[in-house]
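Q: Model the structure of this input:
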Amino acid sequence: LGFPIASDHSNYASEVKKLTLQINTLKAKIKARGLVIAQLKVNIAEKVNTIQSLSNKIDREHKSLAQLLRNTNEFDEKNLIYLVLSDNSISNFYSDLESYASIKQAIKDSVDIINGVKTQTEIVKSDLEKKQNAEIDAKAELENAQKTVTKSEADKSEIKLIGADKKIQNCHNNIRYCRL
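A: This next block holds a predicted model:
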C-alpha cells in the first residue's frame with residue numbers, strides 16, 4: 001500500500017477522511033478541467049467557423065479579381081493606336097484610360113485584400129492549432145486525475161477493510177481474554 005498502516009481505529013478513520021478529502025479535491029479539479037475542455041471545444045468551433053468565413057471571402061475576392069483581370073485583358077486587346085485613330089473622340093479615349101486606371105487600382109486593392117485575408121486566416125489557423133493542442137493536454141490531465149481518483153478510492157477502501165479487520169481482531173482478542 002502507498003499509505004502508512006494505522007495502529008488503531010481513529011488512525012484508520014483519519015486516513016479515510018484524508019483520502020476522502022483528496023478524492024473530493026481531485027473530483028473538483030476534474031470537473032474544472034472538464035469545463036475547460038468544453039470551453040476549448042467551443043473556441044475551436046468558433047475558429048473553424050472563422051476560417052470558413054475567411055476562406056469564403058478569399059473565394060469571393062478571387063472571383064472579383066478574375067473579373068477585373070478579364071476587364072483589363074479586354075481593354076488591353078484594344079490597341080492604343082486603334083483607340084487614337086478611331087472615330088471616338090479624345091474625351092472618350094481619356095475616359096477609357098481613366099476606366100483602365102481604375103480597373104488596375106481595383107486589381108491592386110483586390111490583391112491586397114486577398115493577401116490580408118490569407119494572413120488573417122493563417123493567424124486563425126495557428127490559434128486553432130494551439131487550442132486543439134491545449135484540448136489534448138487538458139484531456140490528458142483529466143485522464144491522469146481520474147486515474148488518481150480511482151487509485152485513491154481503492155486505497156480508501158483498503159484502509160477501511162484493514163480497519164475493519166483490526167476491529168474484528170481486537171474483538172476476538174477481547175473475547176479470548178474474557179474466556180481466560
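Q: switch to C-alpha atoms for all contacts and neighbour counts from now on
A: Noted.
Q: Secondary structure element holding Lys130?
A: Here Lys130 sits within helix 90-179, counting by DSSP states H and E.
Q: lowest average confidence, helix or strand, in the protein?
A: Lowest by mean pLDDT, DSSP states H and E among the helices and strands of the chain is helix 80-85, with a mean of 60.
Q: Tally up the residues packed near Glu98, please.
A: 12 (other CA atoms under 10 Å).
Q: Now do it against Asn173, distance only.
A: 111 Å (CA to CA, to the nearest Å).
Q: And for Arg33?
A: 49 Å.
Q: can you check Glu129 too?
A: Distance from Glu129 to Asn173, by CA to CA: 66 Å.
Q: Look up the pLDDT of the residue nearest in space to the middle of the chain for me, please.
A: Centrality entry for the chain: nearest residue to the mean C-alpha point is Lys131, 2.8 Å, by CA atoms, centre = their mean. Per-residue confidence (pLDDT) for Lys131: 86.
Q: Over to Arg60?
A: 90.
Q: what about it, how many residues close to it?
A: 14.
Q: show me what contacts it?
A: Arg60 makes no contacts at all, as judged by CA atoms under 8 Å, 6 or more residues apart in numbering.
Q: related to what we said a few turns ago, any figure for the gap between the residue nearest to the centre of the chain and Leu26?
A: 24 Å.
Q: What ranges in the chain fall below the confidence cut-off?
A: 1-9, 76-94, 96, 176-180 (pLDDT under 70).
Q: rerun that using 50 as the cut-off
A: 1-6 (pLDDT under 50).
Q: May I ask you to confirm that Leu69 is in contact with Gln105?
A: No: counting by CA atoms under 8 Å, Leu69 sits too far from Gln105 to count as a contact (11.3 Å).
Q: More neighbours: which of these two?
A: Between Leu69 and Gln105, counted using other CA under 10 Å, the more crowded position is Leu69 (16 against 13).
Q: Assign a three-state SS to the more buried one, would you?
A: Three-state call for Leu69 (DSSP: H, G, I helix; E, B strand; the rest coil): helix.
Q: what's the spacing between the closest residue in space to it that isn't next to it in sequence and His62?
A: Nearest-residue entry for Leu69: Ile107, 7.3 Å, with adjacent residues in sequence omitted and distances by CA to CA, 6 or more residues apart in numbering. Per CA to CA, Ile107 is found 10 Å from His62.
Q: So for those two, which residue has more residues nearby?
A: Ile107 (20 against 16).
Q: who's in contact with the more buried one?
A: Contacts of Ile107 (CA under 8 Å, 6+ apart): Leu65, Leu68, Leu69.
Q: Pick the one among these closest to Gly116.
A: The closest of the contacts of Ile107 to Gly116 turns out to be Leu65 (CA to CA; 14.5 Å).
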